[in-house]
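K.L.:
What follows is a protein structure lacking sequence information:
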């Protein structure tokens, strides 16, 4: 690194000699300025902020010691080296107490000056590296924190987090158990944007800008905003500060701020932000339910063309404080694990608690069906498939007219759920992975990324990466490569396309990279593979014997090698 130096001495010849020695000995000293007294030194330090000051102790007017004291008070990182004569050694001792880097006794030898400045420059380098490492560490910590926040919001939206996991996230992110959150879900309409929005990258850029505008408006109102992007949707978790603890006040404030934020996006970008809001502030452990309601409201906003829609609920269903969330979580785990006896007991407890909260069996029926729908969705089972006594359970629910029968029917439905084959008994199980594999088979020749596949099955990219490798036995990227190489082998065998054309046809932008991947997968280059299959005669006729032998060596249906 390069550093600036200020020489402060009332003797012009002394300054000239020092300049000569330092310019000759240190090419890392960039600019050298001079001052003839302490006052001039203070002015130059304030203006140019040199990293090193070579200060004479005894000068008329403001002494070097006084000037140093003021310099180090305002610029503590400055390295001050004192010049002193033997008669003024006591000044040097005072300088060291002030925090000077070193001192040089006049008249000084070239070797002494070079020794001192070599040490000072090394110390400056060390401090500079330490600051850079600290800044890099802070950036990494900030990035990790942001990724953790995004994973938390995605987990809430997908209802993939247990209550214990939500508590762990809450503790790591610094939330209090009694903090209140509000869920919002956003979809952007780009039709009003002045230019055509055609590419996914352009949409991502605009989505990011609009999200920042929305978050800035909520931040200004005192909310901490956590966000996550999934496909075309943006989910916002608004964390209220300690001064916004009353739910009624929060509802009114969120409604006002949300409309102002939507108007900000429309005014600044000519883009309509369709925002769905859950009106019920909830603790972090219950935020997943808020996102469920916010997503429904967002869909209504999009279909109606309105910028903001607040989720509406029946007054009889508003009493959420007694809803058995903990029973819902435990019931899901029991059904997922096939523990029928525990599932029946928990379902009965949930039905009893809900029965005491509503005024009629009609509302009780809705709450019980909602409970079963939540559990079946998390298991990726269609509740409409459940049959009780040879009749669809949902049809039976519509006909039941007593709380006691509703309770019994709920237990029978839970029994049936426990017996259903799981297409996805837990997030990341084979159903979603099979969907990803099928997606790759169809879109292998496109720009295919882990993020794109994850959005397709509503999983986070890191979660999909781990689940995919565990289920398939290879990474997502390796699977994509294997699929593309399989298609490439067929084209090498059955077409006269060049290697470069085939690379593009199967999804590789770089033909050299394609060749490397092909060789990793098959052991030979694409050209060598084709040479094994096709005898290149004058008329490009296929030599059947050679081709049959190559087909045995490299079978086209051998997908992974």
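P.N.:
Arrived safely. All figures in this text were calculated on a predicted structure; none of them were measured in a lab.
K.L.:
And the most centrally placed residue in the chain, which helix or strand is it part of?
P.N.:
Centroid-nearest residue in the chain: residue 147, 3.3 Å away (criterion: Cα atoms, centre = their mean). Secondary structure from DSSP states H and E places residue 147 in helix 110-157.
K.L.:
avg pLDDT for that helix?
P.N.:
Averaging pLDDT along helix 110-157 yields 88.
K.L.:
Who are the packing partners of that helix?
P.N.:
helix 12-25, strand 52-56, strand 79-84, strand 102-105, helix 163-173, strand 224-230, strand 233-239, helix 287-304 (3 or more Cβ pairs under 8 Å, 6 or more residues apart in numbering; DSSP states H and E). Backbone N, C-alpha and C define where each C-beta goes, glycine included.
K.L.:
between that helix and strand 233-239, how many degrees?
P.N.:
Orientation check (axes from the mean of the first three to the mean of the last three Cα atoms, to 10 degrees): helix 110-157 against strand 233-239 gives 100 degrees.
K.L.:
Now do helix 110-157 and helix 287-304, the angle between them.
P.N.:
Helix 110-157 runs at 70 degrees relative to helix 287-304, counting by the same axes, to 10 degrees.
K.L.:
Where does pLDDT dip in the stretch 401-550 of the chain?
P.N.:
Within the stretch 401-550 of the chain, the stretches with pLDDT under 70 are 421-432, 457-460, 463, 534-550.
K.L.:
Determine which stretch of the helices and strands packed on helix 110-157 is the most buried.
P.N.:
Per residue and on average, the most neighbours among these fall to strand 52-56, with a mean of 26 (mean count of other Cβ atoms under 10 Å).
K.L.:
In terms of secondary structure, what does that one contact?
P.N.:
Going by 3+ Cβ pairs under 8 Å, 6+ apart, strand 52-56 lies up against strand 3-8, helix 38-48, helix 64-74, strand 79-84, helix 110-157.
K.L.:
any chance of these in a markdown table, plus distance to residue 476?
P.N.:
Supplementary listing: those in a markdown table, determined by distance: least, Cβ to Cβ, whole Å:
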| stretch | distance to residue 476 |
| --- | --- |
| strand 3-8 | 49 |
| helix 38-48 | 54 |
| helix 64-74 | 55 |
| strand 79-84 | 52 |
| helix 110-157 | 18 |
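K.L.:
Minimum distance to residue 367: which of the ones you listed has it?
P.N.:
Residue 367 lies closest, by Cβ to Cβ, to one member of the helices and strands packed on strand 52-56: helix 110-157, at 21.5 Å.
K.L.:
Isn't residue 221 up against residue 257?
P.N.:
Yes - counting by Cβ atoms under 8 Å, residue 221 does reach residue 257; the two are 4.8 Å apart.
K.L.:
Just say which of the helices and strands packed on strand 52-56 is most tucked in.
P.N.:
strand 79-84 (a mean of 24).
K.L.:
re the thing from before, any idea how far the residue nearest to the centre of the chain lies from residue 366?
P.N.:
Separation of residue 147 from residue 366 (Cβ to Cβ, to the nearest Å): 38 Å.
K.L.:
Can you check which strand is longest in this protein?
P.N.:
When the chain is parsed with DSSP state E, its longest strand is strand 181-189.
K.L.:
which helices and strands does the helix or strand just after that strand pack with?
P.N.:
Downstream of strand 181-189, the next assigned helix or strand under DSSP H and E is helix 200-220. If you count contacts as 3+ Cβ pairs under 8 Å, 6+ apart, helix 200-220 packs onto strand 181-189, strand 224-230, strand 233-239, helix 247-269, strand 272-277.
K.L.:
quick one on the thing from earlier: just so I know, which of the helices and strands packed on helix 110-157 lies nearest residue 509?
P.N.:
strand 224-230 (24.7 Å).
K.L.:
strands paired with the closest one, and their directions?
P.N.:
Strand pairing for strand 224-230, determined by DSSP bridges: strand 233-239 (antiparallel).
K.L.:
So for the strand it pairs with, mean pLDDT?
P.N.:
Taken as a whole, strand 233-239 has a mean pLDDT of 92.
K.L.:
Low-confidence ranges, the stretch 251-400 of the chain, go.
P.N.:
Applying pLDDT under 70 to the stretch 251-400 of the chain flags residues 312-326, 357-361.
K.L.:
One more pass at 90, please.
P.N.:
251-256, 269, 278-342, 349-400 (pLDDT under 90).
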